[in-house]
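*Asks:* For reference, the sequence and a predicted model appear below.
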Amino acid sequence: MTLIQFKNVTKTYGAGDSTFRALKGLNLAIEDGEFLALMGPSGSGKSTTMNIAACLDTLTSGSYLFQNIPVENLNTYQRTLLRRNFLGFIFQGFNLLARSSALENVELPLIYRGDKVHERRSAANDALKKVGLSNWRDHTPNELSGGQQQRVAIARAIVTKPKILLADEPTGNLDSQTSSEIMSLLTSLNRDLGITVIMVTHEPEMAKYASRIVHFLDGQITN
């Protein structure tokens, strides 16, 4: 089943002499359960594509369909609900709250969603178990290694049981061994939980974990 579809999507920033066309008629279909890697040099359009898919940016023309629903027709509140209920986010810089425990960091999306205390505590514990950090739930980020911090971030991303994980350079701040561990974890979440993964990466070795690699250049797909 097609989960996401971009139809002739363009994205333009600026106006006049400062106009920059980040996407030039993008056509891309992403199937439910895929693990997709987006690759290309800086300014090629891969991050813009990720941001539009994440409802963090809007297209200039064309159509972005999420489960056959035109996202460009949704209002701000509806887009917020889509992000909150269907999407999970993993960042290069982890984005954890420094004074909060691993468990409290993982609970955050559920707090925003309004879940009850016992429900979110149970879900957060379960998410930490899935990433192998049950014994570290009371530790703050400065008590964790970079790999452990990224695992907490992944647990936070999956605690809402999203359809899609959007990973922006998830291994960019990690050494090669830890990067491989994180990629193996993402692969297992994709395989065992059926979560669709869309990952932006500059690293060919990390892209090899994906089931499909899409190459971008100058706002267009080259393969």
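*Replies:* Yep, that arrived.
*Asks:* And the next helix or strand past the host helix or strand of K11?
*Replies:* Element membership for K11 (DSSP states H and E) is strand 2-13. Downstream of strand 2-13, the next assigned helix or strand under DSSP H and E is strand 20-31.
*Asks:* Which other helices and strands does the helix or strand D192 falls within contact?
*Replies:* If you go by DSSP H and E, D192 is part of helix 176-193. In this structure, helix 176-193 makes packing contacts with strand 35-39, helix 146-158, strand 164-168, strand 196-200, helix 204-207, judged by 3 or more Cβ pairs under 8 Å, 6 or more residues apart in numbering; DSSP states H and E. Bear in mind the C-beta positions are built from the backbone N, C-alpha and C, glycine included.
*Asks:* Could you list the residues in contact with it?
*Replies:* The list of residues contacting helix 176-193 from outside it, by Cβ atoms under 8 Å, 6 or more residues apart in numbering, reads 33, 35, 130-132, 145-147, 150-151, 154, 158, 165, 167, 170-171, 174, 195-197, 199, 203, 205-206, 209, 211.
*Asks:* Identify the residue nearest the geometric centre of the protein.
*Replies:* Nearest residue to the geometric centre of the chain (Cα atoms, centre = their mean): L166, 1.2 Å.
*Asks:* where does that one sit relative to H118, distance-wise?
*Replies:* Look at L166 and H118: by Cβ to Cβ, to the nearest Å, they are 29 Å apart.
*Asks:* Give the burial count for W136, as a bare number.
*Replies:* Neighbourhood size, W136 [other Cβ atoms under 10 Å]: 19.
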